[in-house]
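Novice: need a structure here:
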Amino acid sequence: VQLVESGGGLVQPGGSLRLSCAASGFTFSCYAMGWARQVPGKGLEWVSKIYQTGGTYLANSVKGRFTISRDNAKNTVYLRMNSLKPEDTAVYYCATAGTGPADRRNGYWGQGTRVTVSS
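Specialist: Purely as a prediction, here's the structure:
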């Protein structure tokens, strides 16, 4: 199983990024997928999830700014992040999304991609 994130980087406040996560080694379309983030010194939190049906979840802190999508033909999940704020600075992880809190001991996880929002 592999989940490979890309698209992170340094962006100014108000800017945009699109994260991508290419999955392999499991039946992608059968899994809910999600993006979680971790700020240094803080816990891991789910930012967004997309279910097998296409339904989505967004954390309150990113509603109206982030959009999650998936392409089952490409085994890829995306996170479009607009109007980025300094508090969005974190390492972002792609993972199979369970029903509980984000926990790297559960499910499949990528290695993470760093997003830094700073002027």
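
Novice: Retrieve the pLDDT associated with Gly41.
Specialist: With respect to pLDDT, Gly41 scores 88.

Novice: show me what contacts the residue most central in space within the chain?
Specialist: For the chain, the residue whose C-alpha lies nearest the mean C-alpha position (CA atoms, centre = their mean) is Trp35; its distance is 2.3 Å. For Trp35, the residues meeting the contact criterion (CB atoms under 8 Å, 6 or more residues apart in numbering) are 19, 21, 46-49, 68, 77, 79, 92-95. The way it works is simple: take the backbone N, C-alpha and C, and place the C-beta from them, glycine included.

Novice: Let's see if you can find the most crowded of the residues you listed.
Specialist: Neighbour counts for the contacts of Trp35 were taken using other CB atoms under 10 Å; the highest belongs to Val77, which has 30 neighbours.

Novice: residues contacting it?
Specialist: Residues in contact with Val77, defined by CB under 8 Å, 6+ apart, are 20-21, 23, 33, 35, 50, 68-71, 94.

Novice: now swap in Arg70 and tell me
Specialist: In this structure, Arg70 makes contact with 33, 50, 54, 76-78, judged by CB under 8 Å, 6+ apart.

Novice: Now with 6 Å, please.
Specialist: Under the criterion of CB atoms under 6 Å, 6 or more residues apart in numbering, the neighbours of Arg70 are 50, 77.

Novice: Starting from Cys94, give me the distance back to it.
Specialist: The span separating Arg70 from Cys94 equals 11 Å under the rule CB to CB, to the nearest Å.

Novice: circling back to that earlier point, ok, the contacts of Trp35 vs Phe28, which is closest?
Specialist: Val77 (8.3 Å; CB to CB).
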